[in-house]
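# predicted model and sequence below, questions to follow.
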Amino acid sequence: MAASPKTITPSVIIQILVVLLVMPFLPLLISQRWDWWQAWIYAFINIGGFIISRALAARRHPGLLRERAQSMQQKNIEPWDRLLAPLVALGSGFIVVVAGFDKLYAWSLDNNLALELVSLLLILAGYAIGTYALMENRFFSGVVRIQNDRGQVVVSSGPYAWVRHPGYAGVLLAYIGMPFFLDSLWAVLPAIFSVIALVIRTALEDRTLQQRLEGYPEYAQHVRYRLLPGIW
């Protein structure tokens, strides 16, 4: 029997370091505004959300983190997702880079506290929904592929009883909240781009699952909406 590939590889370690040490602090590093409290909160939400979600997922589905760590190495990835997966994954990076330069050069005026708090709630809700989906779905890969090697079946419990792609719904909420919490109207532009990429990926993934995953068409008839209940 062939030995299973290692989950922790040098590339995975680099990815984790980028996610935990670079991406969360990009607004602060770019702007050099160390008194920017919104950026500090954003950084701690990112770090805490990543650690907590992965710890909970690993405890419930031990093989899931390996699947996610090796997702881009899989051979049966849908061709279009080799482009869309990185775009969606890096969407928050595009937003915070623009927000950092916005703060550095003072392109935008600060938002009022009420709008910032509402935006913070959107970000927190997005992370909570995404973590719930990750915990509930043992097939929550980082790429779109039919996981016959892992015995993939339809997941309809938890947040999957509300919408068909709750993980993407969580990302959508975070994308919407980030520019306003970080006081950057210019960051709305990459947020719109990222939302468009997310919606396209959701539509293509849903079509793939309906065509190739047994039981998914029946599930889609029961759970009608892809991302937002009552809308789409």
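That came through fine.
# grab the nearest non-local neighbour of Pro159.
Pro166 (3.6 Å; CB to CB, 6 or more residues apart in numbering). Where C-beta positions appear, they are placed from N, C-alpha and C, glycine not excepted.
# could I get the contacting residues of that neighbour?
Contacts for Pro166 (CB atoms under 8 Å, 6 or more residues apart in numbering) come out as 129-130, 132-133, 158-160.
# please redo it, this time with the cut-off set to 6 Å
Contact analysis of Pro166 by CB atoms under 6 Å, 6 or more residues apart in numbering lists 129, 133, 159.
# mind putting these in CSV, pLDDT included?
Shown next, in CSV, are the contacts of Pro166 (pLDDT from 0 to 100):
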residue, pLDDT
Ile129, 96
Ala133, 96
Pro159, 96
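# from these, pick the one nearest Arg82.
Arg82 lies nearest to Ala133 out of the contacts of Pro166, by CB to CB, at 22.5 Å.
# and that closest one, how far from Asn76?
Using CB to CB, to the nearest Å, Ala133 is found at 22 Å from Asn76.
# quick one: which of the two has more around it?
Remark: of Ala133 and Asn76, Ala133 carries more neighbours, 25 against 11, as counted by other CB atoms under 10 Å.
# hmm, back to that, narrow the contacts of Pro166 to those in helices?
Using DSSP state H, 129, 133 are the members of those that sit in helices.
# what count of nearby residues applies to Gln152?
19.
# quick check: it touching Arg138?
No. Counting by CB atoms under 6 Å, Gln152 does not reach Arg138; the two are 8.9 Å apart.
# quick one: the spatially most central residue of the chain from Ile16, how far?
Centroid-nearest residue in the chain, with CA atoms, centre = their mean: Val171, separated by 4.6 Å. According to CB to CB, Val171 stands 19 Å off from Ile16.
# give me the pLDDT for the residue nearest to the centre of the chain.
Here the pLDDT value assigned to Val171 is 95.
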